[in-house]
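**Student:** Below is the structure, and that's it, no one-letter string:
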């Protein structure tokens, strides 16, 4: 349609356009178009309109044509947007298959945008398919599988001690936490305040390290601990002597421990010869998680070590002993249970792994 036709407004159109042009709540673009049509209806030249409304001749021509063609409806805007991607089985299979392959640019995993560009689909489609399939390529998990051929028998032995210990016997979980650092912060610690977490300075001074031996009584939950400068087999045997001294003279003692080389030396064998009532139960290879004292080590790491400020190695040892004493005063046994009872390892035998 030619743009030479003049715009003639009815009284209703003029009133409606005037109301829109004075509105402060309607979209700015809609208000602009109403002012433009009113100005054109008054016979104002294009140059004057361009100067008054700060617009261009193509914009004036476009909206004049739309008004002449469709009236007030022509001033509305319509953005159909992008056509929705249909997630067909073929598309899902294509995306999932590509996700399992490595990118060709040398990177280790895909991102939504990178895979979408490679396949010529939208990133939202890739994201939806990944979400439905439970895929998260940016995440990485580590695992360590036990290669112990006697895993089941050793695990059943230890779990039996937790769930059904021998009558009148003591069961201890023993291990050492090595190389605990006595870190002193060089900057002041900013305390917790509303809206702000406790803050530590980045720089620190390390006064030294020590090792912590711990024996957790599975029946009471109490912990006997000892700090040492090193973690040799001699230190380990000395700690075992302390553990034995905690029990009545004729009580059977079962000790659960891992396969550290310091636990299998000649000094340890001599200790077992002197104390025949003591039996060792070694966890399977790479399965220290079966030892309950590891749960307690994780707790003391969170409560004392990770955020602690220690002015010296003796200060670190003192704070560790204070925590152990306070913990043992209110200790409770760990409730060891399976989340899936159908997969329990059932045994009534207590086969000690005696070195």
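**Tutor:** Yes, it's here. None of the values given here were measured: they were computed from a predicted structure.
**Student:** can you give me the strands for the chain?
**Tutor:** For the chain, the strands defined by DSSP state E occupy 170-185, 204-217, 223-228, 253-257, 278-282.
**Student:** could those go into JSON lines alongside mean pLDDT?
**Tutor:** Formatted as JSON lines, the strands of the chain follow (pLDDT from 0 to 100):
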{"stretch": "strand 170-185", "mean pLDDT": "94"}
{"stretch": "strand 204-217", "mean pLDDT": "94"}
{"stretch": "strand 223-228", "mean pLDDT": "94"}
{"stretch": "strand 253-257", "mean pLDDT": "95"}
{"stretch": "strand 278-282", "mean pLDDT": "95"}
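**Student:** shouldn't residue 257 be in contact with residue 174?
**Tutor:** Yes: taking C-beta atoms under 8 Å as the definition, residue 257 is a contact partner of residue 174 at 4.8 Å. Glycine gets a C-beta too; all of them are placed from N, C-alpha and C.
**Student:** Give me the more crowded residue out of the two.
**Tutor:** Set side by side, residue 257 and residue 174 give different neighbour counts by other C-beta atoms under 10 Å, the larger being at residue 257 (24 against 21).
**Student:** Is it possible to get CSV of the strands of the chain that adds distance to residue 20?
**Tutor:** Compiled in CSV, the strands of the chain are given as follows (distance: least, C-beta to C-beta, whole Å):
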stretch, distance to residue 20
strand 170-185, 65
strand 204-217, 66
strand 223-228, 78
strand 253-257, 81
strand 278-282, 84
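**Student:** The residue nearest the centre of the chain and residue 98, how far apart?
**Tutor:** Using C-alpha atoms, centre = their mean, the residue of the chain that lies closest to the mean C-alpha position is residue 139, 9.7 Å off. Using C-beta to C-beta, to the nearest Å, we find residue 139 at a distance of 18 Å from residue 98.
**Student:** The longest helix seen in the chain vs strand 170-185, what angle?
**Tutor:** Ranked by residue count and defined by DSSP state H, the top helix of the chain is helix 313-329. Using axes from the mean of the first three to the mean of the last three C-alpha atoms, to 10 degrees, the inter-axis angle of helix 313-329 relative to strand 170-185 is 140 degrees.
**Student:** List the contacts of residue 252.
**Tutor:** Neighbouring residues of residue 252 by C-beta atoms under 8 Å, 6 or more residues apart in numbering: 166, 168, 169, 170, 277, 279.
**Student:** With that, I have no additional questions.
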